[in-house]
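Peer 1: Quick one, fold the following:
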Amino acid sequence: MTNNQNTTAFFDLIRHGEPAGGPMFRGSKDDPLSDTGWQQMNAAIRDDDQWDVIITSPLLRCRLFAEQLAEQRQIPLHQEPRLREIAFGDWEGRTSENIMADTPEALNRFWSDPVRYPPPGGEAITEFRQRVSSVWQDWQTQAAGKRVLVVCHGGVIRMLLAEVMGIPTERSFSALTVPYACRSRIRVDISEHGLLSCLQTHGA
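Peer 2: As a prediction, the model looks like this:
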């Protein structure tokens, strides 16, 4: 970008669809999409959608759909390891009901204050936000003038939107609802005065 030139980028974020195996704490657990999940993702993509590049989490529930879409639309695809979902440690593969029956106080503390009370053995939410923030800082300038589709996870989308909206880390999980195949759009304007990002749509 040259001086005195304004450039706009658009980032369409989409959460993966329903994974095989049903609801559970699924961070690093690498399940593919269920049949319903594939239907949700296909229904979320419109014929008039236009992107210059697709960026995806390497986990199967994101990557397999991103690969299919990139091939269908003839769009470049990049895997980004920093887009992995937060790791839930000892809670990986367990349902909320199972954890509540076993250690209800731990689950309640996590939902009320995930910064102070992360899942046992899991990734600290502050480190998770730093990881997502680092990739966001890279994208904002590298994708100048482009339309980008980002296929990722509910936790990752919450962190990205928290960055854009200035939501504190301790509220980042509870402040926004991100259902399966949920889409959000962030606009980033770049000029000689700096960067300005804003959330244009969420849940559309």
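Peer 1: ok, the spatially closest residue to Ile167 that is not a sequence neighbour - contacts?
Peer 2: Computed as Cβ to Cβ, 6 or more residues apart in numbering, the closest residue to Ile167 that is not its neighbour in sequence is Ala175, at 5.1 Å. To be clear about C-beta, it is placed using only N, CA and C from the backbone, and glycine gets the same treatment. Contact analysis of Ala175 by Cβ atoms under 8 Å, 6 or more residues apart in numbering lists 158, 162, 167.
Peer 1: for this structure, what spans make up the helices?
Peer 2: 35-44, 60-73, 96-102, 104-112, 125-142, 154-165 (DSSP state H).
Peer 1: Would you mind finding the most buried of these?
Peer 2: Among the helices of the chain, helix 154-165 has the highest mean neighbour count (mean count of other Cβ atoms under 10 Å), at a mean of 22.
Peer 1: residue ranges with poor pLDDT in this structure?
Peer 2: The chain contains residues with pLDDT under 70 at 1-5, 204.
Peer 1: quick one: the nearest residue to Glu80 once chain neighbours are set aside from Asp48, how far?
Peer 2: Spatially, and ignoring its direct neighbours in sequence, Glu80 is nearest to Ile55 (5.2 Å; Cβ to Cβ, 6+ apart). Between Ile55 and Asp48 the computed distance is 20 Å (Cβ to Cβ, to the nearest Å).
Peer 1: ok, those two, which is more surrounded?
Peer 2: With neighbours defined as other Cβ atoms under 10 Å, Ile55 and Asp48 compare such that Ile55 has more, 23 against 4.
Peer 1: Please report the distance of that one from Glu97.
Peer 2: Ile55 is 34 Å from Glu97, by Cβ to Cβ.
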